[in-house]
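1. Model the following, please.
(chains A and B)
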Amino acid sequence: MLKYTLRRLVIALPVLLGISVIAFFIVRLVPGDTVTALLGAHYSEAEAEALRQRLGLDQPLPVQYVIWLGNVLSGDFGQSAFTGEPVLEAILNRLPVTIQLVAISICFAVFVAVPLGVMAAVGRSGRTDFFATLFGLLGISIPGFWLGVLLILLFSLTLGWLPSGGFVSLWDDPIANFRHMILPGLSLGMAVAAVVMRMTRSTMLEVLNEEYIKMARAKGVPKRRTIIRHALRNALIPIITITGIQAGYLLGGSIVIEQIFSLPGIGLLALQAITNRDYALVQGTVLFIALGFMVINLLVDLIYAWLDPRIKY
Amino acid sequence: MNDQNTILRVEDLRVRFRTRRGDVRAVDGVNLELNRGEILGLVGESGCGKSVTAQAVMRLIGDGRGEEVSGRVELDGEDLLQKSEKEMTKLRGRRISMIFQDPMTSLNPVYTVGNQIAEVPLLHEKVTRRDAYARAVGMLETVGIPSPKERARRFPHEFSGGMRQRSVIAMSLCCKPEVLIADEPTTALDVTIQAQILDLLQDLRRDFGTAIILITHDLGVVAEVCDRVAIMYAGGIVEQAPAGELFRKPRHPYTQGLLASLPKIGDRGILKAIEGRPPDLMNLPEGCRFAPRCPHAFGKCSEYPPLERVAEEHDAACWLEKKHE
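-> A predicted model of the protein is given here:
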């Protein structure tokens, strides 16, 4: 297990290297650069040249890349060209917000979708199943940003129950933090919940038809225990897989949701960095999001081995 | 009738599945009696309703959408069809159990074999986890699994087919039930393993006093282990007799056809198949279900023949018996 984890981490390195190449060059393909973004509409060519030189943007691209990569490897992600704030610090400051947002979305998805999917499969073609199917269809079809706006309209503007945006740290005031996070978590988690519910339902339907479920009933296992201990336990593997993949996408999805709810997370940081052509910041956030994706995937694979005795690493 | 001796009595059991294309009469008036400690073979071709009968007796079907079960299933005088699901849950595994055809899929892949067996006494008896597990290890030894203590910690995928079926048997007999229904327990196994499993069932019947309904389509298996045999055709029992008697003097033309279709050593002639095919269960003939394929069919066969005594301990459902009188 440890060996497998180490091997996976080693394999992760070339992937991250590839991502760094893509991140580095792709931001430079976008029209405009840091200098034009910094100086605004009116500036002289000499000013621009001086600034380019100061930021090291006058070097050939490959040279810039190698310098940046060398710095990253030694732990220096550079500074934001706008605020002068070190990139690493900016990311680490905002990371907890995004992690919390993703965690709330996943919890919502798992704690709502898995029971709903199980009930739908057990009461197949009944009322619960109909409701669950409807939930699945709506959840997948409704875009998160639109749902976010609707939720703000209802819970913040009409009912006035929850704030429409902003952020309070969990450590400062947990209740206020939760009030700020619940709507974004819901908007972001809805699509995941729908996908996880559908996966749970279809896998459970499959597992419930297995002979060992019939065997469990034949040896006198009560219905509830059969469903949870014998069926759901076996259905968990695909459910975990899909949840893991979705969690990765949530990192991307958080960009839009953080913007709507003005949450100071990684997503909002990345968005601002892109608008400002803040190269170092864009590269840094992209690398971190990619790293997050890979860590989640690794966790999922490790959970497999724990869930299914047939999987050994 | 010697009620004392009968442990399981099935009376006029009917199972219907409602489908979009119409009702399927999978079991249509089955009558069976199982005596304490005996092995009854339930024989018939695929789709004749053997497994459905077994699952209806266990109440594994009957509560689902579109499933309809009627009749009586008496276990030691109590009608199982009248019991609540809760009562049935307490009975299953303790007084009546079942094993299935495919040992590869009847064990849960995510739990150790020991824990799966131990679950049975844990559910049905007031025992500690430790005692239940010790019982499981003991059962593994009883069913002939070498180094049971070590094997109990293993997962099903680490077992061979024969060992899995032994484990399933250990699981179903852990609480010493009075009745065991074995639904083609050897069909998925190699011939040599088949013989071992059949021997095991016979030994356990002797040691535990469990009566067994052995469902099979293999007359060779029947000849080897069964005390009595019931032949099933298109949802009903057509003949029932002690095994020896049935092989010597089959009364029903279907049974005769089945026996004639067995290959004999030394006989190089063409195998005799029964002409035609079984009726559509959605559209059963009014009279005798076998009449359309029967070489002896006559006018009376358009009426449904009841299962009647034709010799000592020998019942058959055929009008020919009356014709000769």
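2. The stretch 1-150 of chain A: helices as residue ranges?
-> In the stretch 1-150 of chain A, the helices defined using DSSP state H, counting those that start in this stretch lie at A:2-29, A:34-39, A:45-55, A:61-73, A:87-108, A:114-122, A:127-141, A:144-151.
3. Now do the contacts for B:E38.
-> Contact analysis of B:E38 by C-beta atoms under 8 Å, 6 or more residues apart in numbering or on different chains lists B:A211, B:I212, B:D227, B:R228. No exception for glycine: its C-beta is placed from N, CA and C like everyone else's.
4. Deepest-packed of the helices of the stretch 1-150 of chain A, please.
-> helix A:114-122 (a mean of 22; mean count of other C-beta atoms under 10 Å in any protein chain shown).
5. what residues does that helix touch?
-> A:128-129, A:131-133, A:135, A:196-202, A:204-205, A:208, A:227-228, A:232, A:239.
6. Take these and keep only those in helices.
-> A:128-129, A:131-133, A:135, A:196-202, A:204-205, A:208, A:239 (DSSP state H).
7. for the nearest residue to B:E303 once chain neighbours are set aside, phi and psi?
-> Nearest residue to B:E303, sequence neighbours excluded (C-beta to C-beta, 6 or more residues apart in numbering or on different chains): B:G287, at 5.1 Å. Torsion angles at B:G287 (phi, psi; degrees, to the nearest 10) stand at phi -90, psi -140.
8. what does stretch B:61-78 rub up against?
-> Taking C-beta under 8 Å, 6+ apart as the rule, stretch B:61-78 contacts A:125, B:3, B:7-19, B:29-30, B:52, B:55-57, B:59, B:79-81, B:85, B:91, B:95-96, B:178-179.
9. still on that earlier bit, in JSON lines: the helices of the stretch 1-150 of chain A, plus mean pLDDT.
-> As requested, the helices of the stretch 1-150 of chain A are exported to JSON lines (pLDDT from 0 to 100):
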{"stretch": "helix A:2-29", "mean pLDDT": "86"}
{"stretch": "helix A:34-39", "mean pLDDT": "76"}
{"stretch": "helix A:45-55", "mean pLDDT": "79"}
{"stretch": "helix A:61-73", "mean pLDDT": "86"}
{"stretch": "helix A:87-108", "mean pLDDT": "88"}
{"stretch": "helix A:114-122", "mean pLDDT": "92"}
{"stretch": "helix A:127-141", "mean pLDDT": "89"}
{"stretch": "helix A:144-151", "mean pLDDT": "86"}
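10. Could you dump these into a markdown table and include distance to B:N283?
-> Converted to a markdown table, the helices of the stretch 1-150 of chain A look like this (distance: least, C-beta to C-beta, whole Å):
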| stretch | distance to B:N283 |
| --- | --- |
| helix A:2-29 | 59 |
| helix A:34-39 | 79 |
| helix A:45-55 | 85 |
| helix A:61-73 | 76 |
| helix A:87-108 | 52 |
| helix A:114-122 | 33 |
| helix A:127-141 | 32 |
| helix A:144-151 | 53 |
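11. So for the chain, the centremost residue is which one?
-> In the absence of a named chain, chain A is used. Closest to where the C-alpha atoms of chain A average out (C-alpha atoms, centre = their mean) is A:L251, at 2.2 Å.
12. that's the other chain; I wanted chain B
-> B:I215 (3.3 Å).
13. Assign a three-state SS to it, would you?
-> Under DSSP: H, G, I helix; E, B strand; the rest coil, B:I215 falls in the strand class.
14. repeat for A:V282
-> Look at A:V282: counting by three-state DSSP, its state is helix.
15. Next to chain A in this structure, residues from the stretch 1-150 of chain B, please.
-> B:55, B:58, B:60, B:65, B:85-86, B:89-94, B:97-100, B:102, B:105-110, B:112, B:119-120, B:123-124 (C-beta under 8 Å from any C-beta of the partner chain).
16. Chain B contacts on chain A?
-> So chain A meets chain B at A:125, A:210-212, A:214-223, A:230, A:233-234, A:307-310 (C-beta under 8 Å from any C-beta).
17. got a list of contacts for the helix or strand hosting B:G257?
-> Using DSSP states H and E, B:G257 sits in helix B:253-260. By C-beta under 8 Å, 6+ apart, the residues outside helix B:253-260 that reach it are B:43, B:219, B:231, B:233, B:238-239, B:246-247, B:250, B:272, B:274, B:290, B:293-296, B:316, B:318, B:320.
18. one step back: can you report how many residues neighbour the residue nearest to B:E303?
-> 17 (other C-beta atoms under 10 Å in any protein chain shown).
19. Where do the strands of the stretch 51-200 of chain B begin and end?
-> Assigned by DSSP state E, counting those that start in this stretch, the stretch 51-200 of chain B shows strands spanning B:67-75, B:78-79, B:96-99, B:179-183.
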